[in-house]
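Chemist: just coords:
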C-alpha cells in the first residue's frame, strides 16, 4: 500500500470516530490504532420498540412485551457488558424502587470499548434489576423490569 492510501484510511477513521482499523489487501496488511483507544467514550443508544408514553396512557399493544405480571421490560439494544454505575466507586444509576421516566439513564453497556448509556424509554418504578454488574449481555436481554 502506498502512503496516499494510508492517509485516506486515517481520514476515514477520523470522519467515523473509529478507534482501530485493519485492512488486508493480498499480502499487504495495515493496522491503524487511534490515540483515543484507551479512553472510553460515552454515547447514548436509543432503545428500540420500548413504549415512550407514560404508563397511564399505555395501550395494550404497548404493554404486549411485558410479562404476565404487568411489568414492562427494559431490554438491551446491543450486545456488550452491563454496568450499573459509571465507575466502580460510583453509586448505581438506579435501584429497585427508584422512579424512572423516558429520559432516565438506567445503566451503561460497554460494547467494543465504547460506553453506551441506556435510557429507560418508559415511565414507572424499577421493580427488578435482572443483570449483575460486569455480566455479558445479549441483544434483547431483559435488563430491568418496571412497574407502570
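Modeler: Received the coordinates, thanks. None of these values were measured; they are calculated from a predicted model.

Chemist: and the helices in the protein?
Modeler: Remark: helices assigned in the chain by DSSP state H are 3-15.

Chemist: for it, where's the lowest mean pLDDT among helices and strands?
Modeler: Confidence across the helices and strands of the chain bottoms out at strand 41-45, with a mean of 58, counting by mean pLDDT, DSSP states H and E.

Chemist: so how many other residues sit close to the closest residue to residue 109 other than its chain neighbours?
Modeler: Once flanking residues are discounted, residue 109 sits nearest to residue 80: 4.1 Å by Cβ to Cβ, 6 or more residues apart in numbering. (Glycine included, C-beta is placed from N, CA and C.) Look at residue 80: counted by other Cβ atoms under 10 Å, it has 22 neighbours.

Chemist: so residue 80 makes contact with residue 115?
Modeler: No: taking Cβ atoms under 8 Å as the definition, residue 80 is not a contact partner of residue 115, at 9.2 Å.

Chemist: tell me, what's touching these two both at once?
Modeler: Taking Cβ atoms under 8 Å, 6 or more residues apart in numbering as the criterion, residue 80 and residue 115 both touch residue 109.

Chemist: list the contacts for the residue lying closest to residue 128 once chain neighbours are set aside?
Modeler: If the residues on either side of it in the chain are set aside, residue 128 comes closest to residue 145, at 4.1 Å by Cβ to Cβ, 6+ apart. By Cβ under 8 Å, 6+ apart, the contact list for residue 145 reads 67, 71, 72, 73, 74, 126, 127, 128, 130.
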